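Asks: sequence plus the predicted model coming up.
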Amino acid sequence: MTITPLMPVYPRCGFRPVRGEGAWLISEDGSRALDFASGIAVNILGHGHPHLTAAIQEQAATLMHVSNLYGSPQGEKFAQRLVDTTFADTIFFTNSGAEAVECAIKAARAYHQSQDSERFEIITFKNAFHGRTMATISASNQEKMHHGFSPLLSGFKYVEFDDLDGAKAAIGPNTAGFLVEPIQGEGGVRPASQEFMEGLRDLADEHDLMLVLDEVQCGVARTGKLYAHELYDIEPDIMATAKGIGGGFPLGACLATEKAARGMVVGTHGSTYGGNPLAMAAGNAVWDVVANDEFLENVRTMGDKLRAAIEQFIGNYPDLFEGVRGEGLMLGIMMTHPTRGFVGHLRDNHGLLTVAAGDDTLRVLPPLNITDAEISTFIEKLSAGAADYVQPEAA
Ligand SMILES: *Cc1c(COP(=O)(O)O)cnc(C)c1O
């Protein structure tokens with residue numbers, strides 16, 4: 001037997017964290033790493049946040065799980081808070097981002113098909129990432145996620161990201177809606193333009209289409225707004241959120257307006273675990289911390305500082321870095337060559353965790369409560385890493 005007990009679908013590295021303290025991870029062998037990856041935009045309050053930890057501990061000891069067949073005071077409370085703080089009128093809770101996107105796709109189709117319309121097709125955008133289920137890989141044009149899994153789910157049409165004319169031209173009699181990340185995450189921290197987001201909203205209104213946003217990565221205060229679409233001053237009809245929303249507890253949600261959710265009636269959708277009391281305790285605790293102007297303003301401030309520090313630093317290494325893009329504390333450093341080697345070098349030789357993304361981009365996704373001192377340490381480690389990095393020979 002050569003297969004590993006953990007199914008070998010990830011290229012796991014030698015760093016083996018067993019404990020976390022704020023923005024730091026401590027590995028099995030005692031080494032410490034500054035965590036500017038945050039479990040890929042998940043641990044927005046850092047590791048071991050006292051309020052989140054206490055809420056989960058208390059709820060675990062009180063009531064962990066009950067079926068969605070029963071009334072849910074915990075779920076009603078969190079759903080009401082999401083309704084109060086976003087565009088949405090109604091929420092479906094999931095355990096992951098992909099499930100939140102699945103629910104969003106179902107809701108967009110059901111919006112039409114519950115009213116005697118056959119419309120089913122969702123227009124999506126190139127280099128998008130929506131998850132790893134069959135529907136969500138089908139929603140992305142990325143072939144590396146398709147290989148070996150055919151046939152894909154039909155009903156998706158891919159258009160160039162940020163290409164409004166392309167999106168318009170793709171609309172046909174079967175089109176049900178658009179599915180788009182306002183800021184592509186895995187695709188390389190690429191923010192959509194203002195014209196594109198506004199244009200999609202207008203097209204959706206004009207053609208009675210659902211504007212579905214995937215804010216699984218860019219949502220939950222990451223950009224300094226509770227949700228990234230607020231930066232564009234537009235509202236979706238349906239939105240998927242996850243990653244940061246549980247602060248590390250597996251939780252996602254599909255948010256919708258009352259109109260958009262007209263097809264999602266009793267019996268149409270469900271989840272055994274989705275929104276159970278333990279998950280709701282985590283979500284409520286995260287919302288206690290992040291859903292206020294002071295917290296969001298601070299994300300903006302720290303994001304500006306981090307970005308300015310990176311911009312100043314990368315000028316010293318024009319052969320390695322090309323620029324910075326992103327919003328708030330969702331930043332991407334564009335590199336002149338594939339980033340994976342450099343990410344590994346920072347991790348193994350400098351105790352700094354970042355994440356590679358498409359388009360030769362190094363993703364910087366720190367906890368949202370980072371300090372000035374942690375930003376300084378990040379820049380020190382990044383500088384040291386750039387100074388002693390030996391670029392692999394081009395193949
Ligand atoms: C991570 C991610 C997903 C999938 O979330 P999972 O929790 O891994 O299922 C979907 N969309 C975007 C934009 C993501 O970044």
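Replies: Nice, thanks for sending it over. All figures in this text were calculated on a predicted structure; none of them were measured in a lab. Residues are numbered from 1 along each chain as shown.
Asks: shaky segments in this structure?
Replies: Within the chain, the stretches with pLDDT under 70 are 393-395.
Asks: and the longest helix for it?
Replies: For the chain, the longest helix by residue count, based on DSSP state H, is helix 293-314.
Asks: what's downstream of it, the next helix or strand?
Replies: The element immediately downstream of helix 293-314 (helix or strand, assigned by DSSP states H and E) is strand 321-327.
Asks: give me phi/psi at the residue lying closest to residue 392 once chain neighbours are set aside?
Replies: Using Cβ to Cβ, 6 or more residues apart in numbering and skipping the chain neighbours, the partner closest in space to residue 392 is residue 341 (5.3 Å). Heads up, the C-betas are built off the backbone N, CA and C, glycines and all. When read as degrees, to the nearest 10, the backbone of residue 341 gives phi -60, psi -40.
Asks: I'd like the next helix or strand past whichever strand or helix holds residue 78.
Replies: Remark: residue 78 resides in helix 73-85, with elements defined by DSSP H and E. Using DSSP H and E, the helix or strand that directly follows helix 73-85 along the chain is strand 90-94.
Asks: tilt between that following strand and helix 73-85?
Replies: Computed by axes from the mean of the first three to the mean of the last three Cα atoms, to 10 degrees, the angle separating strand 90-94 from helix 73-85 equals 130 degrees.
Asks: is the ligand contacted by strand 90-94?
Replies: No - with Cβ under 6 Å from any ligand atom as the criterion, the ligand is not reached by strand 90-94; the gap is at least 8.7 Å.
Asks: what packs against the helix holding residue 78?
Replies: strand 90-94, helix 277-290 (3 or more Cβ pairs under 8 Å, 6 or more residues apart in numbering; DSSP states H and E).
Asks: mind running it again at 6 Å?
Replies: For helix 73-85, the packing partners by 3 or more Cβ pairs under 6 Å, 6 or more residues apart in numbering; DSSP states H and E come out as helix 277-290.
Asks: packing partners of the helix it packs on?
Replies: Here helix 277-290 touches helix 50-62, helix 73-85, going by 3+ Cβ pairs under 6 Å, 6+ apart.
Asks: could you redo the last one with a cut-off of 8 Å?
Replies: Looks like helix 277-290 contacts helix 50-62, helix 73-85, strand 90-94 (3+ Cβ pairs under 8 Å, 6+ apart).
Asks: that one versus strand 90-94: what angle between them?
Replies: Using the same axes, to 10 degrees, helix 277-290 lies at 120 degrees relative to strand 90-94.
Asks: please save the CA atoms from the helix holding residue 78 in CSV.
Replies: What follows is helix 73-85, C-alpha atoms only, in CSV (Å, rounded to 0.1, in the frame of the first residue of the first chain):
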residue,chain,number,x,y,z
PRO,A,73,-33.3,30.3,18.1
GLN,A,74,-29.5,30.4,17.4
GLY,A,75,-30.0,30.3,13.6
GLU,A,76,-32.8,32.9,13.7
LYS,A,77,-30.6,35.2,15.6
PHE,A,78,-27.6,35.0,13.2
ALA,A,79,-29.9,35.1,10.1
GLN,A,80,-31.6,38.3,11.4
ARG,A,81,-28.2,39.9,12.0
LEU,A,82,-27.2,39.1,8.4
VAL,A,83,-30.5,40.5,7.2
ASP,A,84,-30.0,43.6,9.2
THR,A,85,-26.4,44.2,8.0
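Asks: quick one: it to chain centroid distance?
Replies: 21 Å (Cα atoms, centre = their mean, to the nearest Å).
Asks: what do you get for stretch 11-24?
Replies: The chain centre lies 20 Å from the centre of stretch 11-24; the measure is Cα atoms, centre = their mean.
Asks: swap in stretch 25-36?
Replies: For stretch 25-36 - counting by Cα atoms, centre = their mean - the centre lies 23 Å from the chain centre.
Asks: stretch 117-134 too?
Replies: For stretch 117-134, the distance to the chain centre is 16 Å (Cα atoms, centre = their mean).
Asks: winner for burial among the helices and strands packed on helix 277-290?
Replies: Comparing these by mean neighbour count (mean count of other Cβ atoms under 10 Å), strand 90-94 comes out on top with a mean of 23.
Asks: would you work out how far apart the start and end of stretch 347-366 are?
Replies: 14 Å (Cα to Cα, to the nearest Å).
Asks: distance between the ends of stretch 22-39?
Replies: End-to-end distance of stretch 22-39 (Cα to Cα): 13 Å.
Asks: that stretch: which residues count as buried?
Replies: Applying a neighbour-count criterion of 16 or more other Cβ atoms under 10 Å, the buried positions in stretch 22-39 are 22-25, 33-39.
Asks: keep only those of those residues that are in strands.
Replies: 24-25, 33-35 (DSSP state E).
Asks: am I right that residue 18 is in a strand?
Replies: Yes - per DSSP: H, G, I helix; E, B strand; the rest coil, residue 18 lies within a strand segment.
Asks: what about it, distance to residue 33?
Replies: As defined by Cβ to Cβ, to the nearest Å, residue 18 lies at a distance of 12 Å from residue 33.
Asks: identify the contacts common to these two.
Replies: Common neighbours of residue 18 and residue 33 (criterion: Cβ atoms under 8 Å, 6 or more residues apart in numbering): residue 27.
Asks: where does the closest residue in space to residue 204 that isn't next to it in sequence land in three-state SS?
Replies: Leaving aside its sequence neighbours, residue 204 sits nearest to residue 211 (Cβ to Cβ, 6+ apart; 4.1 Å). Under the three-state scheme (three-state DSSP), residue 211 adopts strand.
Asks: which residues touch the nearest residue to residue 250 once chain neighbours are set aside?
Replies: Excluding the flanking residues, the one nearest residue 250 by Cβ to Cβ, 6+ apart is residue 95, at 4.9 Å. Taking Cβ under 8 Å, 6+ apart, we find residue 95 in contact with 250-252, 271, 273-274, 279.
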